[in-house]
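Undergrad: I need the structure of the sequence given here:
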Amino acid sequence: MKVSWKVILAVTLFSLVPLALAQDVSSDVKKTAQDTGTDTKKAAKATGHATEKAADKTADATKTAATKTGHATKKVATTTGHDTKVAADKTGHETKVVAKDTAKGTEKAADKTGHATKVAAKKTGSAVKTGAEDTGHEMKKVGDKVEDKPKPQ
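TA: Just a heads-up that it's a prediction; the model follows:
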C-alpha cells in the first residue's frame, strides 16, 4: 500500500484543526471569565453606589417627613389649646349670664313671694281684726245682757 503524501498531509491538518480550535476555546473561556469577573465587579460597585444613594434619599425623606409631622403636630396642639381656651371662655361667660339670670329670677320670685306674703298677712291681719271686733262686739252684747239681770245677793 502506497500512501500518498497528500493523504498524510490532509490527515495531519485535520488532526491539528481540533487542537487549534481547542486552544482558541480555552482562550475564549479565560477571556469570558475575566470579562464576567470585571462585569460582576462593576455591577457590584454600581449596585453598592445605588444602594448608598437610595439609603441617603430614604434618610433625607424620613428626616423631612419627621420634621413635617412634628410641625403639624405642634400646629394641631396649638390650635387645640386655643380652641379649648375659647370654649372655656365662652362656657364661663354663659355660666355668668345664666347665674345672673337665675339671680334676677330668684329675686323676682322672692319679691313676688314677699309681696304675696305681705298681702296674705295683711288679709289675715284684717280678718283677725274683723274677727276680734266681731267677737268683742258679741262679748259686749253678752255683757250687756248680764248687766240687765238682777244680781243675786
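Undergrad: okay, now the unreliable bits of the chain?
TA: Regions of the chain meeting the criterion pLDDT under 70 cover residues 1-3, 16, 19-29, 123-125, 128, 136-153.
Undergrad: check the offset of the helix or strand where residue 49 lies from the chain's centre.
TA: Assigned by DSSP states H and E, residue 49 falls within helix 5-148. A distance of 1 Å separates the C-alpha centroid of helix 5-148 from that of its chain, computed with C-alpha atoms, centre = their mean, to the nearest Å.
Undergrad: just the CA trace of stretch 55-64, in CSV.
TA: Listed next in CSV are the C-alpha coordinates belonging to stretch 55-64 (Å, rounded to 0.1, in the frame of the first residue of the first chain):
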residue,chain,number,x,y,z
ALA,A,55,-30.3,55.0,51.7
ASP,A,56,-29.3,58.7,51.7
LYS,A,57,-32.5,59.6,49.9
THR,A,58,-34.5,57.5,52.3
ALA,A,59,-32.8,59.1,55.3
ASP,A,60,-33.5,62.6,53.9
ALA,A,61,-37.1,61.7,53.1
THR,A,62,-37.5,60.3,56.6
LYS,A,63,-36.0,63.4,58.2
THR,A,64,-38.2,65.6,56.1
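Undergrad: hang on, the earlier thing: helices and strands around the helix holding residue 49, which ones?
TA: Using 3 or more C-beta pairs under 8 Å, 6 or more residues apart in numbering; DSSP states H and E as the contact criterion, no secondary-structure element is in contact with helix 5-148. Every residue, glycine included, has its C-beta placed from N, CA and C.
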